[in-house]
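dropping a prediction and its sequence here:
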Amino acid sequence: MIADEIRALIGTGGLEELIRAYGGRRIYVPVSVNERHPLALRLGWRGAVALSQAFGGDFLEIPSARRLSLNERNRRIRAEHSAGMSQQALADSYRLTVRQIRNILMERDDA
């Protein structure tokens, strides 16, 4: 998932700043940045350079806070199921239907 890659490069705080500024939108990451580039102003010089080195010349889909939250919830559901929690217990715990739990368990983890 792109959020995990971004987090690894610029940390959780940097990812949260990108989501606040650009969540749910597509942004262009330049091949090189200067100190006045909007990414440098938001993330600091090191964060902007790290993004530029990893994704320069590409467009990034910045997840919305809601999408990121759902992805993390679904990851927890899959982990708890792998640890032995039943579908019914998961449905009760997360206030979802068993059918929703089944759908989450069948999803790939990179959505």
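Yep, that arrived. Residues are numbered from 1 along each chain as shown.

the residue of the chain most remote from its centre and Arg75, how far apart?
Taking CA atoms, centre = their mean, the residue of the chain most remote from its mean C-alpha position is Gln88, at 27.3 Å. Relative to Arg75, Gln88 is positioned 20 Å away (criterion: CB to CB, to the nearest Å). In short, each C-beta sits where N, CA and C put it, glycine included.

check Ser32 too.
Using CB to CB, one gets 34 Å for the distance from Ser32 to Arg75.

do Ser86 as well
Ser86 sits 18 Å away from Arg75 when distances are taken as CB to CB.

tell me how this structure divides into domains.
Structural domains annotated on the chain: 2-63, 66-106, as defined by automatic domain parsing.

may I see the ones you listed arranged in JSON lines, with mean pLDDT as well?
Converted to JSON lines, the domains of the chain look like this (pLDDT from 0 to 100):
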{"stretch": "domain 2-63", "mean pLDDT": "95"}
{"stretch": "domain 66-106", "mean pLDDT": "95"}
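
so of those domains, which one's packed in deepest?
Mean neighbour count, computed with mean count of other CB atoms under 10 Å, is highest for domain 2-63 among these, reaching a mean of 16.

what's the span of that one from first residue to last?
8 Å (CA to CA, to the nearest Å).

and stretch 53-71, by the same measure?
Terminal-residue distance, stretch 53-71 (CA to CA): 26 Å.

so what touches that stretch?
Contacts of stretch 53-71 with the rest of the structure, by CB atoms under 8 Å, 6 or more residues apart in numbering, involve 1-3, 5-6, 9, 18-19, 22-32, 51, 111.

let's see it at 7 Å
With contacts defined as CB atoms under 7 Å, 6 or more residues apart in numbering, stretch 53-71 is touched by 1-3, 9, 18-19, 22-32, 111.

now go through these and say which are in helices.
Residues of the contacts of stretch 53-71 located in helices (DSSP state H): Ile2, Ala3, Leu9, Leu18, Ile19, Tyr22.

Pro63: what secondary structure?
When states are read from DSSP: H, G, I helix; E, B strand; the rest coil, the local structure at Pro63 comes out as coil.
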